[in-house]
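Trainee: the following comprises the amino acid sequence and a computationally predicted model.
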Amino acid sequence: MTIASRIGPLLPTRLTGALAHWMYPRFEPELARLGDFCPPDCDLALDVGGWYGPWTRRLAPRARKVVAVEPVPHLARSLAAATPGNVRVVEAAATDRPGTARLWLPAGDRGDRGVSSLVRRDIHANALDVRCLTLDEIANAETGRVDFIKIDVDGNELPVLRGAQHLLTRDRPALIVELEARIQPLEPVIKQLADHAYRGWILPAHAWVPLDHFDLARHQAATAHLAQRGLLRRVGPFRGPRYVNSVLFLPDGRRPGERSPRSRGAYAD
């Protein structure tokens, strides 16, 4: 267990959320580059795996509405209480069919570590039953166009994408998907999105690189020791490579930083 995961549950939930909002652009530089792929006139944004809300909070000023999907009850309540009025929090897990499922958590964890999943791994010991919805259902309950989706579901990415077939075809949103070879093979998710005519991009340093020009699995194997350091140690002074696990997927023909045909202005802030 990392220092942050031990300290987080001891702090007031609102304070933990505020700290995550402040620290996460250093932990995930993709979030600091939100303007490269999320238009300033974004209609709907979906944050799948909301946790304490670092993505939700950053998206709220850019989007007409943000829907945060978070299955852990106390985290969902915290998000609903601490985010602006244009945020709707859905207490559920996103997957490929409605109903209920078991959400797995590590021993002694209530969801604060951000590694809960519908897919059980060796780190998981306890579970709670949660409601399940598809992203197509969630999007259909809203008015407007989905322009951006962030997905962080620790191994359940394929079912989430299978549950978003309609909106991927209809709206062609940009996506940030957290992918880790230590959790599951990368290729099935990449192929699923390639079948929808999406291309992957990553941010290993200061410039976006096409995913097909970069061996992400090899990179993650070489930097896996960094992933064990936890949040606080990974946002310290930058030395050497970072562990990259966020992949930007854009419809074919779009590049990070370019204007979308539907956008009224440039993506850059």
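Mentor: Yes, it's here. Residues are numbered from 1 along each chain as shown.
Trainee: ok, which stretches of the stretch 1-150 of the chain are strands?
Mentor: With DSSP state E, counting those that start in this stretch applied, the stretch 1-150 of the chain shows strands at 42-48, 63-69, 87-90, 93-94, 99-105, 126-133, 146-151, listed in chain order.
Trainee: and the average pLDDT for stretch 31-40 is what?
Mentor: Stretch 31-40 shows an average pLDDT of 92 in the prediction.
Trainee: got it, and stretch 82-100?
Mentor: Average pLDDT, stretch 82-100: 97.
Trainee: before we move on, what about stretch 53-72?
Mentor: Computed over stretch 53-72, the mean pLDDT rounds to 96.
Trainee: what about the helices in the protein?
Mentor: For the chain, the helices identified by DSSP state H occupy 3-7, 13-27, 29-32, 54-59, 73-82, 135-140, 157-162, 165-171, 187-194, 216-222, 224-227, 231-234, in order along the chain.
Trainee: what packs against the fourth one?
Mentor: Meaning helix 54-59. For helix 54-59, the packing partners by 3 or more C-beta pairs under 8 Å, 6 or more residues apart in numbering; DSSP states H and E come out as helix 13-27, helix 29-32, strand 42-48, strand 63-69, strand 146-151. In this view, the C-beta of every residue, glycine as well, is placed from N, C-alpha and C.
Trainee: before we move on, back to that, out of the helices of the chain, the one nearest Ala125 is which?
Mentor: For the helices of the chain, proximity to Ala125 was assessed by C-beta to C-beta; helix 3-7 is nearest, at 14.5 Å.
Trainee: and the strands of the stretch 1-150 of the chain: which comes nearest Ile202?
Mentor: Distances from Ile202 to each of the strands of the stretch 1-150 of the chain were compared using C-beta to C-beta; the minimum, 14.9 Å, belongs to strand 146-151.
Trainee: same list, the helices of the chain, but as JSON lines with mean neighbour count please.
Mentor: JSON lines is the format used below for these (neighbours: other C-beta atoms under 10 Å):
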{"stretch": "helix 3-7", "mean neighbour count": "16"}
{"stretch": "helix 13-27", "mean neighbour count": "17"}
{"stretch": "helix 29-32", "mean neighbour count": "19"}
{"stretch": "helix 54-59", "mean neighbour count": "25"}
{"stretch": "helix 73-82", "mean neighbour count": "18"}
{"stretch": "helix 135-140", "mean neighbour count": "20"}
{"stretch": "helix 157-162", "mean neighbour count": "21"}
{"stretch": "helix 165-171", "mean neighbour count": "16"}
{"stretch": "helix 187-194", "mean neighbour count": "16"}
{"stretch": "helix 216-222", "mean neighbour count": "15"}
{"stretch": "helix 224-227", "mean neighbour count": "13"}
{"stretch": "helix 231-234", "mean neighbour count": "16"}
